[in-house]
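Asks: Sequence below, structure please.
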Amino acid sequence: MCKKEDDVKGLFVTEMSFVYIDGTEILANDCIDSADGYAISIEVDSDNNSFNELNVKYMVNGVSYTMRFDKTGKKLQAIQLQKGNNFAKIVKYDFTDYVNFKQQGEFVLVN
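Replies: Okay, here's the model as predicted:
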C-alpha cells in the first residue's frame with residue numbers, strides 16, 4: 001500500500017533561537033557585546049526511528065539559509081548580529097525569534 005506524503009513521519013523542527021556561539025541561550029536583558037560570537041540554533045526531533053533527511057530552510061535578517069539534518073539533535077550556524085532588531089524565521093514551520101542589538105558606543109581607556 002502506498003503512503004501519502006503527509007503520512008511519512010520522521011524528523012521535524014522543535015526549536016529555533018538566537019544563542020551565543022557556545023550554544024548558550026541569549027536571555028532577556030543580557031548585555032550583548034559585538035566582540036562575542038553568536039549563532040542560530042535549530043533543534044530537530046523524530047516521532048519514530050525513521051531518520052529521513054530534513055533540509056530546514058530559514059531566514060536571518062532577510063537572508064536565506066538551509067541547515068541539513070539526518071538525525072535528531074541541535075545544530076548551530078554562526079551569524080553576525082546587526083545593529084537594531086535581528087529576526088529569524090523557519091520558512092516551513094511557525095518558528096520565529098528576534099534579538100535587539102543596541103550598541104552602547106565605543107569607549108576608550110585613557111591612562
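Asks: Which strands or helices does the helix or strand bottoming out on mean pLDDT in the chain pack on?
Replies: Lowest on mean pLDDT, DSSP states H and E among the helices and strands of the chain sits strand 95-101, with a mean of 88. Secondary-structure packing of strand 95-101 (3 or more CB pairs under 8 Å, 6 or more residues apart in numbering; DSSP states H and E): strand 11-20, strand 84-90. For the C-beta atoms, the positions are set from N, CA and C on the backbone; glycine is no exception.
Asks: need the ones you listed in TSV with distance to Phe101 and mean pLDDT, can you?
Replies: Below are the helices and strands packed on strand 95-101 laid out as TSV (distance: least, CB to CB, whole Å; pLDDT from 0 to 100):
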stretch	distance to Phe101	mean pLDDT
strand 11-20	10	94
strand 84-90	6	93
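Asks: quick one: the least confident helix or strand of the chain to chain centroid distance?
Replies: Taking CA atoms, centre = their mean, to the nearest Å, one finds the center of strand 95-101 at 10 Å from the center of the full chain.
Asks: Okay, now the sheet partners of that strand, with direction.
Replies: strand 84-90 (antiparallel) (DSSP bridges).
Asks: For the partner strand, list every residue counted as buried.
Replies: Neighbour-count burial for strand 84-90 flags Asn86, Ala88, Lys89, Ile90 (criterion: 16 or more other CB atoms under 10 Å).
Asks: May I have the beta-bridge partners of the last one?
Replies: Note on Ile90: beta-bridge partners by DSSP bridges are Tyr58, Phe95.
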